[in-house]
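Asker: next come a sequence and a model predicted from it.
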Amino acid sequence: MTNCSFIRQAALVAVAFAFITPAHSFVPSNVPRTHSPPQTSTSINNFFKNAFANDEDLGKAQNAGLSNGPRYNDNVTVNGKKISKIVVDQNISQVCNAARVKVPYNCQNGECGTCELKINGKKARACVSKVPAGKCAIQTL
């Protein structure tokens, strides 16, 4: 048992010596110790240099919006009142809000029929219906 504790103590001293002793102590004395200055132009430093630059090969940047702009429908009326700047496929509920016409809603997904109105003489539900490309006459019930 004494032999085992001596080995443990010797191992502990060796480990402690390894952490306490400076690193250059382990280098043979005949090797010259030269300290080179840190490199300032590494690949990491230049990594982001052109990361956010525009690529000239792609040509001129395009508009981020719709390619031809929105398609407007100027033939939209709500209860006989003409409404301008209405986009095709816009929700009828938004058109009625723009015209300041109150339409009652309940489920907002077209199941209950609370928002029923007429579009071009046909019954439709305002919460799920879209503005057509042609004439659009909206009548509340």
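Answerer: Great, that's in hand. Residues are numbered from 1 along each chain as shown.
Asker: just the endpoints, please. Distance across stretch 115-135?
Answerer: 21 Å (C-alpha to C-alpha, to the nearest Å).
Asker: can you list the neighbours in contact with that stretch?
Answerer: 71, 73, 75-76, 86-93, 95-96, 103-110, 113, 136-141 (C-beta atoms under 8 Å, 6 or more residues apart in numbering). From N, CA and C alone the C-beta is placed, and that goes for glycine too.
Asker: now with 6 Å?
Answerer: Contacts to stretch 115-135, defined as C-beta atoms under 6 Å, 6 or more residues apart in numbering, come from residues 73, 75, 86, 88-90, 92-93, 103, 105, 108, 110, 137-141.
Asker: any quick ChimeraX command for the buried ones out of those residues?
Answerer: The buried residues among those can be selected in ChimeraX (16 or more other C-beta atoms under 10 Å) with this line:
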select :73,86,90,92,93,103,138,140
